[in-house]
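[1] Provided below for reference: sequence and predicted model.
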Amino acid sequence: MNKATPIYILSGFLGSGKTTLLQRLIAKWKNEGLKPAVIMNEIGEVNLDGLMIDPEVPMAEMLGGCICCTIRSDLSMQLYELIQGEKPDVVIIEATGAANPMEIFDAVSESSLLLKLDIRPMITVVDAAHLAALYEAQQGKTYRLMIEQIRCGSWLILNKVDLVSADELRELQALLQRLNPYAQVVTAKKCVIDIELLLSRNEANEPSHELDEHGDHSDHAHTHDDDHDHENHDHGSHSAHHSHEHVTVYTHYFTGPVNSVDFEKFIKELPREVYRGKGILHFSDTSSRFMFQYAYREADFMKINPQGDVPDVAVFIGEHFDKTALAEGLKSLEEQAAQS
Ligand SMILES: Nc1nc2c(ncn2[C@@H]2O[C@H](COP(=O)(O)OP(=O)(O)OP(=O)(O)O)[C@@H](O)[C@H]2O)c(=O)[nH]1
């Protein structure tokens, strides 16, 4: 009775593999007869990742903003309702890829004023290929955000190792260890990792992340042990709050089907500033519906038969890209398919 509910926060840049890991965690917990619940936060207005999650799993969706800032105050309420209503054994929060992890820690720890929570060490999923490219350029807000997410993770899952060479992988591992010497670094393809180890309660796995080495996080110092240390943070001091202004989101609701070959070409030719795309749509030349995923220049298509009333929609997330050009491109695909 009145047991603390373990809360895991999944952080990581857009398209790095958070939902892929979430699916593995849920499968593991369900296998053990546990009841997991999920809070999914999307910066866009639609939650397509939610379709990938076992429909039996209670889920709270927080859409249209980021829990670390614009809809931060909703998080306590969502957590409260989810825990009171569903009585889950464990809750996992999938943050938007644009979220500043320290701010999420803060938001979750605010909720622990209302609820008995056991805030577990943060898990950050890192997209190996994307990190390699960003590290090369070493500039831009995206780069800084990724570094922040790396610095805040107690576990760093260096995912998508299939997309980098063995030499690059060694360099990236060393880089992660340099950026965050406290973290446990594991490499993975499709987030296949030793989940038992990831969730184990080994103090050695739970380094305290006093990120004051760089000064800018000294207000947010957290220790990730069982007694989450509320003394250590000053909830009032968010003067250095980051903004997502650099993040551009475009949501396109399709008015009709599009040709699959043309659409694949369109996705392949997306501007570099678009980091992430996902959607669900009808093609004019296939009978089933498809879900597409696009993350850092890799596209994936899969047949899907969603429950309920799901519109044909695509969401694109990136940095300062031309939304109008994207909208026009998609509209012209719709027109071409309608004429053929
Ligand atoms: N090549 C490759 N693709 C992967 C790997 N892991 C995941 N993916 C693919 O990358 C895409 C994005 O994966 P997700 O798990 O949805 O990523 P996410 O971090 O939840 O994405 P957002 O919620 O949009 O931030 C999907 O198409 C995955 O199938 C991997 O190890 N290698």
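    The structure has been received and is ready for your questions.
[2] need the contact list for Asn159.
    Asn159 sits next to 16-17, 20-21, 125-128, 187-191 when contact means CB atoms under 8 Å, 6 or more residues apart in numbering. Bear in mind the C-beta positions are built from the backbone N, C-alpha and C, glycine included.
[3] tell me what Gly12 is bridged to.
    Val125 (DSSP bridges).
[4] is it true that it touches Gln149?
    Yes - using CB atoms under 8 Å, Gly12 is in contact with Gln149, at 6.1 Å.
[5] higher neighbour count, the two?
    Set Gly12 next to Gln149 and count neighbours by other CB atoms under 10 Å: Gly12 wins out with 29 against 26.
[6] for this structure, longest helix please?
    Ordering each helix of the chain by length in residues (DSSP state H) puts helix 323-339 first.
[7] got the buried residues for that helix?
    Judged by neighbour count (16 or more other CB atoms under 10 Å), helix 323-339 contains these buried residues: Leu326, Leu330, Leu333, Glu334, Ala337.
[8] now the strands for the stretch 101-250 of the chain?
    Assigned by DSSP state E, counting those that start in this stretch, the strands in the stretch 101-250 of the chain fall at 117-119, 123-127, 155-159, 184-187, 247-253.
[9] output the contacting helices and strands for the shortest one.
    Secondary-structure packing of strand 117-119 (3 or more CB pairs under 8 Å, 6 or more residues apart in numbering; DSSP states H and E): strand 5-12, helix 101-111.
[10] so Pro121 is in contact with Tyr182, correct?
    No - if you go by CB under 8 Å, Pro121 and Tyr182 don't touch, sitting 10.0 Å apart.
[11] now the common contact residues for these two.
    With contacts defined as CB under 8 Å, 6+ apart, the residues shared by Pro121 and Tyr182 are Ser154.
[12] neighbour-wise, which of these two wins?
    Remark: of Pro121 and Tyr182, Pro121 carries more neighbours, 24 against 17, as counted by other CB under 10 Å.
[13] where does the stretch 151-300 of the chain get nearest to the ligand, which residue?
    Nearest to the ligand in the stretch 151-300 of the chain, going by CB to the nearest ligand atom, is Gln293, at a distance of 3.2 Å.
[14] relative to strand 123-127, how tilted is the helix or strand in which that residue is found?
    Using DSSP states H and E, Gln293 sits in strand 289-295. Calculated by axes from the mean of the first three to the mean of the last three CA atoms, to 10 degrees, strand 289-295 forms an angle of 90 degrees with strand 123-127.
[15] send the alpha carbons of strand 289-295 over as PDB?
    Only the C-alpha atoms of strand 289-295 are listed here, as PDB (Å, rounded to 0.1, in the frame of the first residue of the first chain):
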ATOM      1  CA  ARG A 289      -2.700   2.100 -45.200                       C
ATOM      2  CA  PHE A 290       0.900   2.800 -44.400                       C
ATOM      3  CA  MET A 291       2.800   4.400 -41.600                       C
ATOM      4  CA  PHE A 292       6.000   6.100 -42.500                       C
ATOM      5  CA  GLN A 293       8.900   7.000 -40.300                       C
ATOM      6  CA  TYR A 294      11.700   9.300 -41.300                       C
ATOM      7  CA  ALA A 295      14.600  10.000 -39.000                       C
END
